[in-house]
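>>> With the sequence up front, the predicted model follows.
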Amino acid sequence: MSEEFTGDELSDKLLPAVEEQMSSAETAFVKEHYDRLVADGEEEQEAKKMIALCLVDEVEQMQQDNRAFNIARYEQMLQFLPVLPE
């Protein structure tokens, strides 16, 4: 039986993935956007949650379109933060 989560619950579950991405050379852009958000006055946890919401959006779109993870789309969404994907 699969669990269904709201966007906020799912983003909370993905916070460890965001933290892992922040320390990975492959996804260094995640840390850059996190640092930008914090420098602009966002709380650290809130910045991570915003990033996680972008990750949720990409994962949901990936499942809907039955395609691989689009890292370029994910990075593009992060560029628009603090405006969240709709």
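That came through, no problem. Numbers count the residues shown, from 1 in each chain.

>>> quick one, longest helix in the protein?
helix 44-65 (DSSP state H).

>>> List of residues touching stretch 37-56?
With CB atoms under 8 Å, 6 or more residues apart in numbering as the test, stretch 37-56 has contacts from 7, 10-12, 14-15, 17-19, 21, 30, 33-34, 74, 77-78, 81-82, 84-85. All C-beta atoms are positioned from the backbone trio N, CA, C, and that covers glycine.

>>> low-scoring stretches of the protein, by residue?
1-8, 10 (pLDDT under 70).

>>> Which parts of it are helices?
Counting by DSSP H, the helices of the chain are 7-13, 15-22, 28-39, 44-65, 71-80.

>>> is it possible to export those to a markdown table including mean neighbour count?
Formatted as a markdown table, the helices of the chain follow (neighbours: other CB atoms under 10 Å):
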| stretch | mean neighbour count |
| --- | --- |
| helix 7-13 | 15 |
| helix 15-22 | 16 |
| helix 28-39 | 16 |
| helix 44-65 | 17 |
| helix 71-80 | 15 |
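
>>> Would you pull up how far stretch 22-34 lies from the middle of the chain?
Distance of stretch 22-34 from its chain centroid, counting by CA atoms, centre = their mean, to the nearest Å, is 11 Å.
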